[in-house]
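[1] I would like the atomic coordinates for the input below:
(one chain, ligands or ions: 1)
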Amino acid sequence: MTHPLYDTNNIFAKILRSEIPCKMLDECDYTLTFHDINPQAPIHVLIISKGAYIDMDDFAQNASSEEQAAFLVAIGNAAKLTGASENGYRLITNIGGFGHQEVPHLHAHILGGEPIGPMRAR
Ligand code: AMP
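    Numbers count the residues shown, from 1 in each chain. Next comes the predicted model:
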């Protein structure tokens with residue numbers, strides 16, 4: 001069941017409905033991978049679920065095993081396809097207000113292509 005707070009008008013839901021374009025890298029039955037519109041590193045791609053999940057908490061609790069497995073596989077594929085896996089990368093999924101999540105649809109960021117630097121909370 002879709003989370004009652006899921007916003008069907010978020011920007012990634014619109015991408016999934018082909019209402020707005022994206023620079024697609026990869027796709028499967030359960031996921032879509034595309035380039036971030038405002039890249040923070042030479043490689044910056046987003047892996048999103050095709051299912052309507054708000055964030056990783058919602059996805060972990062409510063997605064099927066198939067969806068969860070496909071999401072992990074898609075992350076691995078994106079790292080390979082972009083070349084990020086050659087030298088390492090940062091994998092991030094922001095959750096909620098304190099996590100500074102801007103788009104309320106599950107997504108993971110892959111950042112790479114250069115040293116990403118130390119992690120800073122703020
Ligand atoms: P987050 O803060 O984790 O929710 O990250 C949302 C990300 O989505 C940001 O890095 C944005 O640059 C990116 N973004 C927003 N709109 C689009 C879009 N239309 N196509 C691709 N990436 C987008």
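[2] which residues in this protein form strands?
    For the chain, the strands defined by DSSP state E occupy 24-27, 31-35, 43-49, 89-92, 107-112.
[3] Check whether the helix with the most length in the chain comes into contact with the ligand.
    Longest helix of the chain, by residue count under DSSP state H: helix 65-82. No. Looking at helix 65-82 against the ligand by Cβ under 6 Å from any ligand atom, there are no contacts, and the closest approach is 13.7 Å. To be clear about C-beta, it is placed using only N, CA and C from the backbone, and glycine gets the same treatment.
[4] same check, this time on stretch 4-19
    Yes. Counting by Cβ under 6 Å from any ligand atom, the ligand is contacted by stretch 4-19 at Ile11.
[5] Identify all contacting residues around that stretch.
    Contacts with stretch 4-19, where a contact means Cβ atoms under 8 Å, 6 or more residues apart in numbering, come from 20-22, 32, 34, 46, 48, 50, 52-54, 58, 103-105, 107.
[6] Would you check which pair of those lies furthest apart?
    Longest distance between any two of those is 25.9 Å, between Pro21 and Asp58; criterion Cβ to Cβ.
[7] what about those two, which has more around it?
    Comparing Pro21 with Asp58 by neighbour count (other Cβ atoms under 10 Å), the higher total belongs to Asp58, at 21 against 9.
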